[in-house]
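A.B. asks: 3D, please:
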Amino acid sequence: MSAPGAEPAGRPSSVEVRFLGHATVLLELPAVRILTDPFLRERLGPLRRHGPVPNPDAIGPVDVVLISHAHPDHFDRRSLAMVAGDPLVIVPRGLEALVERAGHRARGTVVGESIAIGGGRTVRPVRARHWRWPGAPRATAIGYLIERPGDDRESGPGIYFAGDTAPYPEMVEFADQVDLALLPVGSWGPHRSPGHLTPRSAARVARDLAAQVAVPIHWGTLYLPKLERVAGGRLMGPATRFVASAAELAPALEVRLLQPGEATTIEV
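C.D. replies: Here you go, the predicted model:
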């Protein structure tokens, strides 16, 4: 496995991962560029961004956008309108019209479908244990498995983007298909809420999925202004607690801890 800051991805078995903050990740695969849950703004209601604000011009055109659910920190139409290119925006069924109003092509999907995205790859929605947004009650939260283009790891990594979810037993059904796991380890504020992974439960999920590499996401980005001065542990702490939990519960797992804006190249 290569270290953070290594050369850009280009070989079939590699992927460049750029953590842009919260649940937004840019995946550079040899034939397709994928952006997850784009949130590209400085603020969301009372929440403020910590870390660099992503530059849409620096991100460049993308081929596919994956939206996990309708909560506004994951499905932000203003951010979606900033995304360059002509991406296919894959969303939980029920959000298609909102994507089209943002100026992009939409594909609604549900668990059990499979969508070709180019480069011999397919995206398969998987279950997420997370609540629905009242403004879009028909749109069920999902995660995504970006499947390998072939039958083995030499053809490229299988990638699991969890979106937002609590653990559930059926996750083990796709355990042999995950090389890289993008796992949320925190929340957007100082509270604990159901429907999320904690740093420790995320480490258990990475272990149970038999992932080779995990990148913690959904931390260090959105927080109430000035609260970090008196209660900053929930902003930056989840990632380091995930690293410690993974070392204890999944010692074979390689964790790539990226600060918002940082990138790494992962080879299988």
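
A.B. asks: can you give me the strands in the stretch 51-200 of the chain?
C.D. replies: 64-66, 88-92, 105-109, 115-118, 121-127, 142-146, 159-161, 180-184 (DSSP state E, counting those that start in this stretch).

A.B. asks: With distance to residue 239 and mean pLDDT added, can I get these in a markdown table?
C.D. replies: C-beta here means a position set from N, CA and C on the backbone, and glycine is covered the same way. Formatted as a markdown table, the strands of the stretch 51-200 of the chain follow (distance: least, C-beta to C-beta, whole Å; pLDDT from 0 to 100):
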| stretch | distance to residue 239 | mean pLDDT |
| --- | --- | --- |
| strand 64-66 | 22 | 98 |
| strand 88-92 | 27 | 97 |
| strand 105-109 | 30 | 97 |
| strand 115-118 | 29 | 94 |
| strand 121-127 | 24 | 96 |
| strand 142-146 | 20 | 96 |
| strand 159-161 | 17 | 97 |
| strand 180-184 | 11 | 97 |
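
A.B. asks: Same list (those) but as JSON lines, adding distance to residue 223.
C.D. replies: Shown next, in JSON lines, are the strands of the stretch 51-200 of the chain (distance: least, C-beta to C-beta, whole Å):
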{"stretch": "strand 64-66", "distance to residue 223": "24"}
{"stretch": "strand 88-92", "distance to residue 223": "26"}
{"stretch": "strand 105-109", "distance to residue 223": "31"}
{"stretch": "strand 115-118", "distance to residue 223": "33"}
{"stretch": "strand 121-127", "distance to residue 223": "29"}
{"stretch": "strand 142-146", "distance to residue 223": "24"}
{"stretch": "strand 159-161", "distance to residue 223": "23"}
{"stretch": "strand 180-184", "distance to residue 223": "15"}
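
A.B. asks: looking at those strands, which is closest to residue 264?
C.D. replies: Between residue 264 and those, the tightest spacing by C-beta to C-beta is seen for strand 180-184, at 10.4 Å.

A.B. asks: thinking again about what came up before, redo the strands of the stretch 51-200 of the chain as JSON lines? Include distance to residue 47 and mean neighbour count.
C.D. replies: Below are the strands of the stretch 51-200 of the chain laid out as JSON lines (distance: least, C-beta to C-beta, whole Å; neighbours: other C-beta atoms under 10 Å):
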{"stretch": "strand 64-66", "distance to residue 47": "22", "mean neighbour count": "25"}
{"stretch": "strand 88-92", "distance to residue 47": "22", "mean neighbour count": "25"}
{"stretch": "strand 105-109", "distance to residue 47": "26", "mean neighbour count": "17"}
{"stretch": "strand 115-118", "distance to residue 47": "31", "mean neighbour count": "16"}
{"stretch": "strand 121-127", "distance to residue 47": "27", "mean neighbour count": "20"}
{"stretch": "strand 142-146", "distance to residue 47": "23", "mean neighbour count": "25"}
{"stretch": "strand 159-161", "distance to residue 47": "22", "mean neighbour count": "27"}
{"stretch": "strand 180-184", "distance to residue 47": "16", "mean neighbour count": "25"}
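
A.B. asks: Understood, closing this out.
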